[in-house]
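Colleague: Need coordinates for the following:
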Amino acid sequence: MDAATLLREARWAVDTWELALLEAPKDRAKQKLLLRKAHAERLRGEHGGGVRFLRVPPGEPTPHMLTLLLNQSPAGGQAGIHQILAAYPLPKLEQIYAVVFEKVLNEKVSTQPVAKR
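Modeller: Okay, the predicted model is just below:
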């Protein structure tokens with residue numbers, strides 16, 4: 001992704017989060033609903049009619065469920081991220097990072113320490 005796209009996406013994320021805080025400053029459940037709706041609208045608007053939403057089980061996202069969501073994305077990549085965040089808004093980073101790194105970014109997650117030069 002180029003710098004302009006990254007900046008646009010970062011601005012959208014911050015603006016969307018600030019709107020959720022403005023609309024529901026102390027209501028985490030309502031914030032999640034607002035973010036779910038924002039990601040679903042973005043997914044439909046940018047990736048069209050091929051979008052199919054899966055019914056997800058309540059609770060925390062599992063790697064298996066995240067992979068299923070990514071596989072439902074018509075355009076992969078960014079569409080997959082919106083698919084995940086529409087299903088599981090405001091996930092903890094540790095719940096999704098491995099699937100995002102490996103399935104979207106095609107990077108291998110390792111438990112090895114980072115070598116210092």
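
Colleague: Provide a list of residue ranges in this protein with pLDDT below threshold.
Modeller: Scanning the chain for pLDDT under 70 picks out the ranges 49-54, 74-76.

Colleague: now the helices for it?
Modeller: For the chain, the helices defined by DSSP state H cover 3-23, 28-47, 63-71, 77-87, 93-99.

Colleague: Identify whichever of those lies nearest to Arg117.
Modeller: Evaluated with CB to CB, the helices of the chain place helix 93-99 nearest to Arg117, the distance being 24.3 Å. C-beta here means a position set from N, CA and C on the backbone, and glycine is covered the same way.

Colleague: Show me what that closest one is in contact with.
Modeller: Residues outside helix 93-99 that contact it (CB atoms under 8 Å, 6 or more residues apart in numbering) are Glu60, Pro61, Pro63, Leu66, Thr67, Leu70, Ile84, Tyr88, Val109.

Colleague: can you pick the most crowded of the residues you listed?
Modeller: With neighbours taken as other CB atoms under 10 Å, the top of the contacts of helix 93-99 is Ile84, carrying 26 neighbours.

Colleague: My read is that that residue contacts Thr67, right?
Modeller: No. If you go by CB atoms under 8 Å, Ile84 and Thr67 don't touch, sitting 9.8 Å apart.

Colleague: returning to what we had before: quick check: of the contacts of helix 93-99, which lies closest to Val14?
Modeller: In terms of CB to CB, no member of the contacts of helix 93-99 lies closer to Val14 than Ile84, at 18.8 Å.

Colleague: The closest residue in space to the closest one that isn't next to it in sequence: how many residues sit nearby?
Modeller: Excluding its sequence neighbours, the residue lying closest to Ile84 (CB to CB, 6 or more residues apart in numbering) is Leu69, at 5.1 Å. The tally of other residues near Leu69 (other CB under 10 Å) stands at 24.
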